[in-house]
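Engineer: Sequence plus predicted model, see below.
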Amino acid sequence: LAIPGTDYLAKLNPEQREAVETVDGPLLVLAGAGTGKTRVLTTRFAHILMTRRAFPNRVLAVTFTNKAAKEMRERVSAILGRPAEGLWLGTFHALCARMLRRHAEYVGLTSSFTILDTDDQMRLLKQVMDAAALDLKRWPAQGMMAVIQRWKDRGLTPARVTPAEDSDYANNRARQIYEDYQSRLRALNAADFGDLMLHMTEILRSQPDVLAQYHRMFRYILVDEYQDTNTVQYLWLRLLAQGHHNICCVGDDDQSIYSWRGAEVENILRFEKDFPGAKIVRLEANYRSTRPILAAASHLIAKNEGRLGKTLRTGRNDAEGEKVRVVSLWDSEEEARMVGERIEQAQRKGVSLGEIAILVRAGFQTRSFEERLITLGIPYRVVGGQKFYERAEIRDAMAYMRVLHQPSDDLAFERIVNTPKRGIGDGALQQMHLGAREQGIPLAIAAERLARTEVMRAKPRTAMRELFDGFSRWRALMQREGHVVAVATMLDESGYTEMWKQDKSAEAPGRLENLKELVRAIGEFATLEGFLEHVALVMENDENAEGARVSLMTLHAAKGLEFDLVFLPGWEEGLFPHQRALDEGGTKSLEEERRLAYVGITRARKMAVISHAANRRVYGNWSAAIPSRFLEELPPGEIEREGGGAAQRARMVNAPSVFTHGGISSQRPARVIEAGAWEVKERPARAGAMPVGQRVFHQKFGYGRVTAVEDDRLEVDFEKAGQKRVLDRFVEKA
Ligand code: ATP
Ligand code: MG
């Protein structure tokens, strides 16, 4: 009979138990996905407390996300049977911020220092670069920030940047700029995000008494996701562990997916060297996934060369589950529909929405799924990010469109009038507001009048005039060439797209992708008005719905999590593996993409559905998408292919061919592919198709009547949405 209070050990297999009970001395748990590494860490934490080896506040536990910290706190509490309080449990940054408050004076700050957000950081750095008379056009501040952040990731203070490590950015003055930036931060009693780790590590390095204090305090150190620590985090851990040597790190080299943020998987390899006599425990039984899921993931990751090599077998009794699905679809709309249908099916079978996830490679991919889920009334959340239409760049671009459509939209106009920066300052804005109020006219009209008079200062006046000339041009363009061309041109000519191209922050490429996706979305609507109305409805979607939701997130954000049913869409060359990885060439970045695929598949407990579309719309044009090479690397015996031969046919065309339908077209190339011909052909209306006058129902636009038929396209006069061209596959007779 298990002694009350120790039955938590009974829930472990012998290797896991060994890892939990070997409390003293350095320990590395090196094991594949789903083998219980996090469970070991949590149980170990509880075990230390239950056996009274240390008080709760004497254990330092590092997780990769705040969410993981919260889960670990809950699990420890559950094992203890009481709330766990006063714990040193959190992410590297959260823990460092807390420590730094106690010792801020060592780095010239006071304990009330502020942590700057990224906007403030950039503003400060620009000031510093301006003061150094650097040409910010030639050396954008964002690039400088990236250099500084890399140094911080590596634990290099300005004094530690050796000539060999210096960067040639900013005319070889990067190190000097870094130093100036740091002293400006000090003068403001502020720290940026990277400083939290950097300062604390520096203090531990240079202040033996502070270090000794922490050695006394932290008797045990626990680290999850060790493969993704960067150099400064590694240094910090090593310093803290030098006291008791009671450090336990768990990790999986196959899940190292943050090298682009400075993570060094070599830290795992160094563990034995740094901590002589370290014990290594390997876990081989996976308790998360069914056998086919595991087989698919293992087979795929075996293609990577730089691996430590681990065995992974299933530890579940009910392991023989369904095969991994690989579904081929025509385009992303069809892909979203497939995912929606399967979610509804699963729901009917009793699967909770909380047990379902859609994991994407790039943030922009969430849009089509969000729209589908909204249409179906399925609640969802975007984990670790914002819903598509709430993202800043999408809101900005939408504001441009609203002004294009409706010049009197004051809120929209105010949002874009100085985005990107055009030198229209607060003074000019006040003038506009005053004019608008006095004359009782919309802001944009007042602004336009001001822009034509001498009342306004020359610089903002010219900028305003350019903007208004732009809007008249884009409105004319919309009449001539349609809304897709007009919007794409507007975003380019207004300088908005350029603003993000100039931005060298890590998020900027994703924002540009989102903007492209937005233009794609517009192409799905006949008019700009229709699109704006659609988005307004989408945004209205009930936010406060209680209960379980489907999770949408990037593969990066999914690390450590698990779900019964996992969708992995968009497995196409250029999307996954991502184009940036392909452009970089070399096997290193490709191997990291493959590890991401491994992380993705291994999130699934019971069912994984991988999919790819044969066609993607690029700025209103269609282009054929080549199925991801990772699909070829899945074991044929463990997967089941579905959804026709779209993939096969797309593969026959080795170059991504662009469908030109006489310019921008919102027409799908489906028929063309089926005919095996790569140009548009006229085709008689098919027998049995919808006759003119037929009342129909369309999933997005509702009820309407067919007014014309052309091949597989129908002109429909919708009762709510007005005249639209739709594909006959998407309407039903009503
Ligand atoms: P990842 O590499 O994805 O972070 P992990 O190694 O941290 O995975 P856990 O999340 O700890 O794995 O465990 C995976 C799943 O297996 C969890 O649902 C966990 O509760 C379960 N599990 C772990 N060990 C056992 C065990 N001995 N018996 C039954 N279930 C277990
Ligand atoms: Mg884990």
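Structural biologist: Here it is on my side, so go on. Ligands and ions are numbered 1, 2, ... in the order given.

Engineer: domain parsing for the chain?
Structural biologist: 7-98+199-283, 114-188, 301-334+359-366+554-675, 391-504, 695-733 (automatic domain parsing).

Engineer: And those domains: which comes nearest ligand 1?
Structural biologist: Among the domains of the chain, domain 7-98+199-283 comes nearest to ligand 1, with 3.0 Å by C-beta to the nearest ligand atom. Every residue, glycine included, has its C-beta placed from N, CA and C.

Engineer: can you list the domains of the chain in CSV and add mean pLDDT and mean neighbour count?
Structural biologist: Formatted as CSV, those follow (pLDDT from 0 to 100; neighbours: other C-beta atoms under 10 Å):
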stretch, mean pLDDT, mean neighbour count
domain 7-98+199-283, 91, 19
domain 114-188, 89, 17
domain 301-334+359-366+554-675, 80, 19
domain 391-504, 90, 18
domain 695-733, 77, 17
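
Engineer: nearest to ligand 2, of those domains?
Structural biologist: domain 7-98+199-283 (3.3 Å; C-beta to the ion).

Engineer: Any residue of that closest one touching ligand 1?
Structural biologist: Yes: contact of domain 7-98+199-283 with ligand 1 (C-beta under 6 Å from any ligand atom) involves 11-13, 16, 31, 33-39, 252, 255.

Engineer: mind listing the helices for the stretch 501-650 of the chain?
Structural biologist: Under the criterion DSSP state H, counting those that start in this stretch, the stretch 501-650 of the chain contains helices at 508-523, 528-540, 579-584, 586-601, 629-632, 646-652.

Engineer: okay if I get these as JSON lines plus distance to R52?
Structural biologist: Output for the helices of the stretch 501-650 of the chain, formatted as JSON lines (distance: least, C-beta to C-beta, whole Å):
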{"stretch": "helix 508-523", "distance to R52": "48"}
{"stretch": "helix 528-540", "distance to R52": "54"}
{"stretch": "helix 579-584", "distance to R52": "49"}
{"stretch": "helix 586-601", "distance to R52": "37"}
{"stretch": "helix 629-632", "distance to R52": "49"}
{"stretch": "helix 646-652", "distance to R52": "59"}
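
Engineer: Would you mind giving the ones you listed as JSON lines with distance to ligand 2 added?
Structural biologist: As requested, these are arranged in JSON lines below (distance: least, C-beta to the ion, whole Å):
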{"stretch": "helix 508-523", "distance to ligand 2": "25"}
{"stretch": "helix 528-540", "distance to ligand 2": "34"}
{"stretch": "helix 579-584", "distance to ligand 2": "24"}
{"stretch": "helix 586-601", "distance to ligand 2": "11"}
{"stretch": "helix 629-632", "distance to ligand 2": "23"}
{"stretch": "helix 646-652", "distance to ligand 2": "33"}
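
Engineer: Distance to ligand 1 added to those helices, as TSV?
Structural biologist: Below are those laid out as TSV (distance: least, C-beta to the nearest ligand atom, whole Å):
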stretch	distance to ligand 1
helix 508-523	24
helix 528-540	33
helix 579-584	22
helix 586-601	7
helix 629-632	19
helix 646-652	29
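
Engineer: Could you tell me which residues of this structure lie near ligand 2?
Structural biologist: K37, T38, G560 (C-beta under 5 Å from the ion).

Engineer: Am I right that S332 is in contact with E371?
Structural biologist: No: S332 is beyond contact range of E371, at 10.4 Å (criterion: C-beta atoms under 8 Å).

Engineer: For P292, find the nearest of the domains of the chain.
Structural biologist: domain 301-334+359-366+554-675 (4.5 Å; C-beta to C-beta).
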